[in-house]
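S.K.: got a sequence here, can you build the structure:
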Amino acid sequence: MTEYLAPSAEGGPEFVQLLTPEGDRVSNPDYHFDGGPDEAATIRGFYRDMVLTRRIDIEATALQRHGELGIWTQLLGQEAAQIGAGRALRPQDYVFPTYREHGVALCRGLDPLRILGLFRGVDQGAWDPHEHNFGNYTIVIGAQTLHATGYAMGVQRDGLVGTGDPDRDTAVMAFFGDGASSQGDVNESFIFAASYNAPVVFFCQNNQWAISEPTERQSRIPLYQRARGFGFPGVRVDGNDVLAMHAVTQAALEWAREGNGPMLIEAYTYRMGAHTTTDDPTRYRMSEEVEYWKLRDPIARVKVYLTRNGLADQDFFDAVEAEADEAGARLREGCRSMPEQHVLDIFDQVYVEQTAELAEQRDEFAAYLATFEVGHREGAHR
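M.R.: Reported below is the predicted structural model:
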């Protein structure tokens, strides 16, 4: 029996679930979904967010296949984990993402075209992190957890933790994958966060494949249990259940804001697509595994719940699809119309003020490039 059919994936005692794959609400003794005064509207909002996130992912994948993006990191199947967590954040909370948090970026108000600019290679992820309290994408696996821990320690020393003021108290979230959990940076961040009681929530999206390596080859215990060894709590959640993801993330963020220190969330989900557009998952996993997880699609279960309980009609679903179509068209047009940049522009994006040494390097590289232009012009006259 393979890992993806293990009992813990079906809602065992170590698995927080509030909405089953069949669309039924269930209870949990420790976590409760609070959708606010209009719970149905909140869940409809989650559905919209997940549909838009999936459309962004699909469009970006297609753009890469047509040569418009250099690469793309897919999140197909992980929409509930990201939207549930993203919508639990308060405006003052700060997010440190990896390179796959497109849904969290949507929740933080970041224009997805800014993300496409990074993968198109026309900028280096040039959005202002402080405008959305959403850091730049991190390609170095696991490095962002150290950044998040350091930022959280600064928040703590600024007196923005445990004051009792909901508009002041701040938590930090660090997103990473199951593969990154094996990196030294992640484990070092656990040590420092625990030692200094830093207000950081470590959010591991366990999509069960670190590129081509399954999780069971990296850890002999469930990933969330690692937190215990560092001295702070951890919890495993059904990562395809947006209600459970929201409830647990909301509780973890509040735990951190109150000054209780770090917490680890393991969102047990599945990457239904490829690791990136350079990856071929058919080389290392069985199609039966993918089909199993398609039945646990995070968007489908919310749609079933809304429909069965009369909380949304066909007009609502049609309107969401129409909005997704408009978003897709905007992404296609916006991506293709991005201004091209010259290779020398990278030298202008290292420091606020260019150093003499960097200027010298730029001039040397420009002279080197000019030799190719001369050769091309001479060849054209022959």
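S.K.: can you pull out the strands in the stretch 201-350 of the chain?
M.R.: 209-210, 213-214, 234-238, 263-268 (DSSP state E, counting those that start in this stretch).
S.K.: now for the ones you listed, which one comes closest to Asp165?
M.R.: Set against Asp165 and scored by Cβ to Cβ, the strands of the stretch 201-350 of the chain come closest in strand 263-268, at 20.7 Å. The C-beta positions use only the backbone N, C-alpha and C, and glycine is treated the same way.
S.K.: mind giving me the packing neighbours of that closest one?
M.R.: Counting contacts by 3 or more Cβ pairs under 8 Å, 6 or more residues apart in numbering; DSSP states H and E, strand 263-268 packs against helix 79-86, strand 200-206, helix 226-230, strand 234-238, helix 242-257.
S.K.: run the angle between the first one and helix 242-257 for me.
M.R.: Yep, that's helix 79-86 we're talking about. 30 degrees (axes from the mean of the first three to the mean of the last three Cα atoms, to 10 degrees).
S.K.: what mean pLDDT does helix 79-86 get?
M.R.: In this model, helix 79-86 carries a mean pLDDT of 98.
S.K.: and that helix, how far out from the chain middle?
M.R.: Centroid separation for helix 79-86 versus its chain: 8 Å, with Cα atoms, centre = their mean, to the nearest Å.
S.K.: which other residues reach it?
M.R.: 46, 49-50, 53-54, 75, 101-104, 106-108, 173, 175, 203, 205, 239-246, 249, 265, 267, 269, 298-299, 302 (Cβ atoms under 8 Å, 6 or more residues apart in numbering).
S.K.: pLDDT at Gly11, what is it?
M.R.: Listed pLDDT for Gly11 reads 39.
S.K.: okay, the strands of the stretch 201-350 of the chain in TSV with mean neighbour count next?
M.R.: Formatted as TSV, the strands of the stretch 201-350 of the chain follow (neighbours: other Cβ atoms under 10 Å):
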stretch	mean neighbour count
strand 209-210	20
strand 213-214	15
strand 234-238	25
strand 263-268	28
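S.K.: could I get those strands as CSV with mean pLDDT and distance to Leu331?
M.R.: Converted to CSV, those look like this (pLDDT from 0 to 100; distance: least, Cβ to Cβ, whole Å):
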stretch, mean pLDDT, distance to Leu331
strand 209-210, 85, 26
strand 213-214, 81, 32
strand 234-238, 97, 30
strand 263-268, 97, 26
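S.K.: thank you, goodbye.
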